[in-house]
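Undergrad: Okay, predicted coordinates and the sequence, questions at the end:
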Amino acid sequence: MTTQKKPSDAALRRGAARLAAVQATYQLSLTDGRLEDALSDLISGAIGGEVIAENPDLETEEVVPLIEMHAELFSVLVRGVDAMKKRLDEVIDASLGTSWDATRLEPLTRSILRCGLYELLERPTMPARGCISEYVDITRSFFEGAEPGMVNAVLDKLARQIRPDEMEAARRPRPADGA
């Protein structure tokens, strides 16, 4: 019998920061908006911060506040992705399989890949497998099709290039207790 570990508040806040970073980088890719405005809007709660939850049984809607994000991580991700956008896109485009045309990659999917790749490159304390899992989960929150699998494949491929020792160590079986 296994029990699923409940994420800590800190982990939830980091997850919220990643989601907000994807949203901010997506917003910046579609508009001529300023980086500082996007950061301020999301940190202050002017954008995001709550969702409308529907109860289909009662046919009601309720405004539900989201968990507070880790503002420092959010800022680091958005600023880093913005500063490295061209390099990140070059690496992403070179990593796409033949079934994904880089010119047809949806802006939201590109934003997810940019944030994931940035973390793999610039945040070595974040375990690669955890990073991949976080961004696949974010992708699943927006897409039901092939996109989560593609994000998983691309980030896994990149993680093996960027952190080969860590990825290989994660594949090795762990010794049994008492060995």
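TA: Cool, got the structure. Numbers count the residues shown, from 1 in each chain.
Undergrad: Quick check on residue 133: phi, psi?
TA: phi -60, psi -40 (degrees, to the nearest 10).
Undergrad: brain fart, residue 123
TA: The phi/psi pair for residue 123 (degrees, to the nearest 10) is phi -130, psi 70.
Undergrad: That one: neighbour count?
TA: Counted with other C-beta atoms under 10 Å, the neighbours of residue 123 add up to 15. For the C-beta atoms, the positions are set from N, CA and C on the backbone; glycine is no exception.
Undergrad: what do you get for residue 33?
TA: Neighbour number of residue 33 under other C-beta under 10 Å is 13.
Undergrad: Can you tell me the SS state at it?
TA: Look at residue 33: counting by DSSP: H, G, I helix; E, B strand; the rest coil, its state is coil.
Undergrad: low-scoring stretches of the protein, by residue?
TA: For the chain, the stretches with pLDDT under 70 are 1-7, 44-53, 63-67, 170-179.
Undergrad: Now do the same contact list for the closest residue to residue 30 other than its chain neighbours.
TA: Among residues not flanking residue 30 along the chain, residue 107 sits closest, at 6.0 Å (C-beta to C-beta, 6 or more residues apart in numbering). Listed by C-beta atoms under 8 Å, 6 or more residues apart in numbering, the contact partners of residue 107 are 26, 29, 30.
Undergrad: most neighbours, which of the residues you listed?
TA: residue 26 leads the contacts of residue 107 on contacts (other C-beta under 10 Å) with 21 neighbours.
Undergrad: so that residue touches residue 108, yeah?
TA: Yes. Counting by C-beta atoms under 8 Å, residue 26 does reach residue 108; the two are 5.2 Å apart.
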